[in-house]
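Chemist: return a 3D structure for these sequence lines:
(2 chains)
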Amino acid sequence: MAPAPVPTPVPTPVPTPVPDTGIARYARGLIKYRWPVLIACFALVGFIASQARFLVINDDYRYFFKDDDPQLLAFNELQDTYNKNDNILFVVAPKDGQVFSKDALPAIEELTRQAWQIPFSTRVDSITNFQHTYAEADDLIVEDLVTDSAGLSSETVAHARRVALAEPLLRNRLIPEDTAVTGVNVTLELPGKETGEQRPAVAHARKLVEDMRTQYPDLDFFLTGFVMLNNAFEEASTHDMTTLVPLMYLVIAVMMALLLRSVSGTVATLLVIAMSVMVTMGATAWIGIPLSPPSAIAPTLVMTLAVADSIHILVTLIQEMRRGRGKHEAIVESLRLNMQPVFLTSLTTVIGFSSLNFAEVTSLNDLGNITTIGVTAAFVLSVTLLPALAAVLPLRVKPAETTATGMDRLADFIIARRKPVLALSALLVAGLAALVPTNMLNDQFIHYFDEALDFRRDTDFATTNLTGIYQIEFSLPAGSPGAISEPEFLNTIDQFAQWYRSQENVLHVDVLSDTMKRLNKNMHGDDPGYYRIPESREMSAQYLLLYEMSLPYGLDLNNRINVDKSATRMVVTLEDVATDRMRGLTEQGEDWLKTHAPTYMHVAGSGPPVMFSYLTVRNSIGMFQGTLLAFLMITFTLIFALRSLKYGLISLIPNLVPSIAAFGLWALMDGQINFGLTVVSALSIGVVVDDTVHFLSKYVRARREKGLDTEAAIRYAFSTVGRAMTVTTLVLILGFMIMMMSNFDMNEGMGKLTAMTLALALITDFLMLPALLLSLAPKQEALAGLPTQPAVPVS
Amino acid sequence: MKVFWILSGLMAATMAFALTPEARRGLEIAREADTRDLGFGDFTADMEMILTNRQGKSSTRILRNRTLEQENDGDKLLVLFDNPRDVKGTAFLAFTHRQGPDDQWLYLPSLKRVKRISSGNKSGPFMGSEFAYEDLTSQEVDKYRYRFLGTENLNGIEAFKLERRPVDPKSGYTRQLVWYDQKEYRIYKIEFYDRKDALLKTLTYEGYQQYLGKYWRADRMFMQNHQTGKSTELRWKKYDFRTGLSDRNFDRNALKRAR
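Modeler: Residues are numbered from 1 along each chain as shown, chains lettered A, B, ... in the order given. Alright, predicted model coming up:
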């Protein structure tokens, strides 16, 4: 948004009459019908805002993905074939660091039993209800590994520990090698019809943890899993909406009061902003866009961007009144001067945010569209409601003036040291640009949430002490119905699992061949020599039949084997790895299948982390195109607005440099690029460009209208808009810094990087741009080449 | 044996009087249904089991069923697996009991061995279907506690509506709602509620045929799982009553010989 035309250093004692342009006529009409305008504004805003009651928050992580996302489709099919993997994982940590004790086991047993009561639960897996199989003469015994643990002998407990650690299904999944903690995994089958379905389940799980903590004070309990992840999405959105918005409001109130030193002006601004946000939320609900992180940050963004319009108009208004105009004439003059720049800066902002539609992440498209609605609403209200309010409210002006001596000194400095400034800044930018490629795309969705959230802390605990949350899933086809029992197939998946186990970062592989080997051993009197794949297809099929008939409710194999037994699901659990490693391990696995398995087994890995890891890449490609288009469109807008190809092209430098420099600095500070950061260039360009527009238009006007030479024109630009640019940029930086307080890392990073970009934009406009203009100026000022027509009157 | 009957009759009567009117009425209806099916002796039938997942993909298993009525215990049951091919020749034998866990054996032709299934579990899916073992075996009266909930018109059939709660703590259900038609005491619908008392499955019976002028059997049973979207259909064919089966056809040795 555009900087405010803060007091010019040379006040004109007798104001000239306002020219009778179309905009002036519009402004006069507005003042004449101020009351009907006000009533109409309030009624319309009230109506649109009332729609906000239909606003929904979408908390499903799957909402990040487009409906036709290939990985999402593959994953949905996998979930339809087997069972869904929405889960809640309880991590139980005895304070004495031993799960296999007579104190801890009863608690785990109790938790396992109680977990069946969680709404939508369909399955509960723990070390106590693990279906332990063994042989006794010709009997196949299938029973819970641990029952009635309170009365168990220490030998029995030790035996259970040995069994659990020897079991590939359990070790490093539900029990780590040191047996210091254990997991109770609850699988949920959510109906998938509306958002927030998981809330009763989450509430139940939390209550359960609370009860368990009271009942078993010597144990600690943690909660993670995908259901908790979805819930964290919702909680982060709600946090952003309820804490950041009021905070932003406060900041704007303080800034406006300081800048305008007028109660009425501040009240009017706050009204315009509040109503812009209300319209935004109402229209969002009306269109049917759900809020989700990161689009839940949109209200804060709209407020930040909307405030600049008001600053613009009110500051000129007050300045004109100080010059001696009556209030109504001052309103007319302010609108005449500001209508076009406010429109232009709103337009560039809209272009920037619209380009977010190039993102692959639905939520980011929403963020762009919601903000676009908000910026448009803010523009409309700033040129209707705001002047009408100003006409109605009492407005007094104190004759306080300050001269922009700091700005003059800055201008002197640039003019004196143009060469070193340009050289140094060019060098710095080149250096930072070289760092940009060292940034890595990474979307570890657990890291989206900061440590203030229980979800993140609990998940970190689980990842450090028990197992990973990132999984690659394969639905491995065996070729034909029943063929999962083929020895060849079982051997292949066994080798596949072994291959994964030998890779770095792999914690656990859940594969059917392990169960088959165990059953084969059980069928032969627990002879360890038979711990191998059964010899014939019939054997495997019949063992499976026997085993399946022995399993209790909820612990069947339907989540591992499809209905006609033609495919099985294999799940690889990884450490907390970055998305490129995630992609790498997925693709290497796929390659392994291509090399070692028959053609019908050449399938792709799937699962939420795999989906995220591919989305990261597609999204950044989309946003690269979107950003490029936004830059192009904005450059054309500037060429048109400045009516000069030359200055339009020069504007590319101060518009591009801040983004490049910011990403370069980011490489030094953080180096990880998530979805949120891929849109920063696109969204900041629309904002960054405003400073460029103001500086360049002042400079061009000084050259064309006042016939000043380059140096004088630069001094003129500094003295007229220098302070205004500083103030508005400061407001924007503060706004984006408030986003940094979001619990959602994507918003936090987006706020941080955008604030950096804006600060760098101001520095570029104050140092690099004037130095560049001075260096590009011909030795002999050739004014004849410039058109005499005035540029768009930017204040 | 007479003494046993008199004693158990007395016990049942005593228990019945200790019950609430709803429980007594419920038990009466369940008894009546059971009584009407007494004396069939034995029967054989072929069964087709069609499993369908959420996507609509289906898979079929073919089984043969032999049931032998027992005078003072649950029925004996022999199931022969014909399809899928890999389990052809596998045979399952169960002695259901009025009280306590059933005895179960499985003959594995690939091993040529009979394995006893030593598991109190009976709530798991039968051959990957939506039917649990406990849904398929004889519905002994003593395995549940009943409560009469009233009469209801079920798609044009005047029905008794009962609630029954399994006695066995290892059951996968907290309770079931059962609809019997008032005329013939045939089950038309059962709703199964899981451990957290949420509706898990609905079983509907269709195409009742009468055999030997007395015994009703449904041609089609359809089980819908509401939580997973999966379903299983059972199609019964070739019902044959009083085929001359005896206890000798229902022991461990018979398992191996069964064809």
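Chemist: what's near enough to touch residue 216?
Modeler: Went with chain A since none was named. A:Asp103, A:Ala107 (Cβ atoms under 8 Å, 6 or more residues apart in numbering or on different chains). All C-beta atoms are positioned from the backbone trio N, CA, C, and that covers glycine.
Chemist: wait, I meant chain B there
Modeler: B:Asp37, B:Glu184, B:Arg186, B:Tyr208, B:Gln209, B:Gln210.
Chemist: same deal with B:Lys189?
Modeler: Under the criterion of Cβ under 8 Å, 6+ apart, the neighbours of B:Lys189 are B:Leu154, B:Ala159, B:Leu177, B:Val178, B:Trp179, B:Thr202, B:Leu203, B:Thr204, B:Tyr205.
Chemist: mind running it again at 6 Å?
Modeler: By Cβ atoms under 6 Å, 6 or more residues apart in numbering or on different chains, the contact set of B:Lys189 is B:Trp179, B:Thr204.
Chemist: report pLDDT for it.
Modeler: In this prediction, B:Lys189 carries a pLDDT score of 96.
Chemist: distance-wise, check it relative to B:Thr204.
Modeler: With distances taken as Cβ to Cβ, to the nearest Å, B:Lys189 is found 5 Å from B:Thr204.
Chemist: and A:Thr182, by the same measure?
Modeler: In this view, A:Thr182 and B:Thr204 are 42 Å apart by Cβ to Cβ.
Chemist: settle it for me: which of these two has more neighbours?
Modeler: Comparing A:Thr182 with B:Thr204 by neighbour count (other Cβ atoms under 10 Å in any protein chain shown), the higher total belongs to A:Thr182, at 26 against 18.
Chemist: phi, psi for the more buried one please.
Modeler: Backbone dihedrals for A:Thr182, given as degrees, to the nearest 10, come out at phi -150, psi 160.
Chemist: distance check, it against chain B.
Modeler: Shown here: A:Thr182 relative to chain B, a distance of 22 Å by Cβ to the nearest Cβ, to the nearest Å.
Chemist: equivalent analysis for A:Ala164, please.
Modeler: Between A:Ala164 and chain B the distance is 19 Å, computed by Cβ to the nearest Cβ.
Chemist: measure that residue to A:Pro770 for me?
Modeler: Distance check for A:Ala164 against A:Pro770: by Cβ to Cβ, it reads 71 Å.
Chemist: neighbour count winner among the two?
Modeler: Residue environment comparison for A:Ala164 versus A:Pro770 gives the larger neighbour count to A:Pro770, 28 against 23, counting by other Cβ under 10 Å.
Chemist: whichever strand or helix holds that one - what's its average pLDDT?
Modeler: In the assignment (DSSP states H and E), A:Pro770 maps to helix A:769-776. For helix A:769-776, the per-residue pLDDT values average out at 90.
Chemist: where's that helix relative to the chain centroid, distance-wise?
Modeler: 38 Å (Cα atoms, centre = their mean, to the nearest Å).
Chemist: same question, stretch A:668-680
Modeler: 10 Å.
Chemist: buried residues in that stretch?
Modeler: If you call a residue buried by 16 or more other Cβ atoms under 10 Å in any protein chain shown, then stretch A:668-680 has these buried ones: A:Asp670, A:Gln672, A:Ile673, A:Asn674, A:Phe675, A:Gly676, A:Leu677, A:Thr678, A:Val679, A:Val680.
Chemist: for the last one, give me its contacts.
Modeler: Put plainly, it is A:Val680. Counting by Cβ under 6 Å, 6+ apart, A:Val680 touches A:Met750, A:Leu753, A:Thr754.
Chemist: how about it, nearest residue that isn't a chain neighbour?
Modeler: Leaving aside its sequence neighbours, A:Val680 sits nearest to A:Leu753 (Cβ to Cβ, 6 or more residues apart in numbering or on different chains; 4.6 Å).
Chemist: the one you found - that's part of a helix, no?
Modeler: Yes. Assessed by DSSP: H, G, I helix; E, B strand; the rest coil, A:Leu753 belongs to a helix.
Chemist: in the buried residues of stretch A:668-680, find the pair that's most separated.
Modeler: By the measure Cβ to Cβ, these have their two most distant members at A:Asp670 and A:Val679, which lie 16.2 Å apart.
Chemist: for A:Val315, state which of the contacts of A:Val680 is nearest.
Modeler: For A:Val315, the nearest member of the contacts of A:Val680 is A:Thr754. The distance, counting by Cβ to Cβ, is 23.8 Å.
Chemist: pretty sure that closest one contacts A:Gly686?
Modeler: No. Taking contacts as Cβ atoms under 6 Å, A:Thr754 lies outside contact range of A:Gly686: 11.0 Å.
Chemist: hang on, B:Val79 in a strand?
Modeler: Yes. Assignment of B:Val79 by three-state DSSP places it within a strand.
Chemist: hang on, B:Ile157 packs against B:Asp181?
Modeler: Yes. B:Ile157 is within contact range of B:Asp181, at 5.0 Å (criterion: Cβ under 6 Å).
Chemist: so what's A:Asn143 closest to, chain neighbours aside?
Modeler: Careful, residue A:143 is Glu and not Asn. A:His132 (6.0 Å).
Chemist: what do you get for A:Gly352?
Modeler: In this structure, A:Gly352 finds its nearest non-sequential neighbour in A:Gly686, 2.4 Å apart by Cβ to Cβ, 6+ apart.
Chemist: what residues are up against that neighbour?
Modeler: Residues counted as contacts of A:Gly686 (Cβ under 6 Å, 6+ apart) are A:Thr348, A:Thr349, A:Ile351, A:Gly352.
Chemist: mark which of those residues are part of strands, please.
Modeler: Counted as lying in strands by DSSP state E, out of those, is not a single one.
Chemist: export those as a markdown table, with columns for neighbour count.
Modeler: Compiled in a markdown table, the contacts of A:Gly686 are given as follows (neighbours: other Cβ atoms under 10 Å in any protein chain shown):
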| residue | neighbour count |
| --- | --- |
| A:Thr348 | 28 |
| A:Thr349 | 28 |
| A:Ile351 | 22 |
| A:Gly352 | 29 |
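Chemist: which one of the residues in the stretch 151-259 of chain B is closest to chain A?
Modeler: Closest approach of the stretch 151-259 of chain B to chain A (Cβ to the nearest Cβ) occurs at B:Gly172, with a separation of 3.0 Å.
Chemist: can I assume that residue sits in a strand?
Modeler: No. Under three-state DSSP, B:Gly172 falls outside any strand and is assigned coil.
Chemist: and it, backbone torsions?
Modeler: phi -80, psi 0.
Chemist: what number of residues lie near it?
Modeler: 25.
Chemist: was I right to think it contacts B:Ser123?
Modeler: Yes. Judged on Cβ under 6 Å, B:Gly172 makes contact with B:Ser123 at a distance of 3.1 Å.
Chemist: spit out the residues that contact these two alike.
Modeler: Joint contacts of B:Gly172 and B:Ser123 (Cβ under 6 Å, 6+ apart) are A:Tyr553, B:Ala132.
Chemist: related to what we said a few turns ago, the residue nearest to A:Glu143 - how many residues pack around it?
Modeler: Applying other Cβ under 10 Å, we find 18 other residues in the vicinity of A:His132.
Chemist: and it, how far from chain B?
Modeler: Summarising the geometry, the distance separating A:His132 from chain B, computed by Cβ to the nearest Cβ, is 11 Å.
Chemist: how far away from the center of its chain is the helix or strand harbouring B:Arg147?
Modeler: Taking DSSP H and E as the criterion, B:Arg147 maps to strand B:144-154. Average the C-alpha atoms of strand B:144-154, do the same for its chain, and the two points are 19 Å apart (Cα atoms, centre = their mean).
Chemist: what comes up buried for stretch A:36-49?
Modeler: When neighbours are counted by 16+ other Cβ under 10 Å, the buried residues of stretch A:36-49 are found to be A:Val37, A:Leu38, A:Cys41, A:Leu44, A:Val45, A:Ile48, A:Ala49.
Chemist: so what's the second one up against?
Modeler: This means A:Leu38. Contacts of A:Leu38 by Cβ under 6 Å, 6+ apart are A:Ala388.
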